[in-house]
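# Whatever this is, show me its structure:
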Amino acid sequence: MAFRITQKQADCIGCGACAAIAPSDWVLKGDKAELVGSKQEGELFVKEVEVAGSNQDAANACPVGCIKVEEKK
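Prediction:
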């Protein structure tokens, strides 16, 4: 099973919840969180992974909902 993690970084407020919950995938850079190893696709930063890990918890904790974790079909 594979997952697609997306972040609309423009909406990020830099609270750091994602980096605290999933530090191997999220870091704070200035006033925004960055999805490590992601590629920009339009307004989204995207990363495909085999295991969602704690990224769903990070998405759930995001106060502005700018992180999405979806199962790839």
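
# before we move on, what SS does the residue lying closest to residue 48 once chain neighbours are set aside have?
Distance criterion CB to CB, 6 or more residues apart in numbering; nearest residue to residue 48, sequence neighbours excluded, is residue 4 at 5.4 Å. The C-beta positions use only the backbone N, C-alpha and C, and glycine is treated the same way. Secondary structure, DSSP: H, G, I helix; E, B strand; the rest coil: residue 4 is strand.

# list the contacts for residue 4?
Residue 4 makes contact with 46, 47, 48, 69, 70, 71, 72 under the criterion CB atoms under 8 Å, 6 or more residues apart in numbering.

# wouldn't the last one be in contact with residue 3 here?
Yes - the pair formed by residue 72 and residue 3 meets the contact definition of CB atoms under 8 Å, at 6.3 Å.

# And those two? Which one has more around it.
Neighbours were counted for residue 72 and for residue 3 using other CB atoms under 10 Å; residue 3 has more, 17 against 10.

# and that one, how far is that from residue 55?
7 Å (CB to CB, to the nearest Å).

# which residues do the two both contact?
49, 69.

# Residue 19: helix or strand, and which one exactly?
helix 17-21 (DSSP states H and E).
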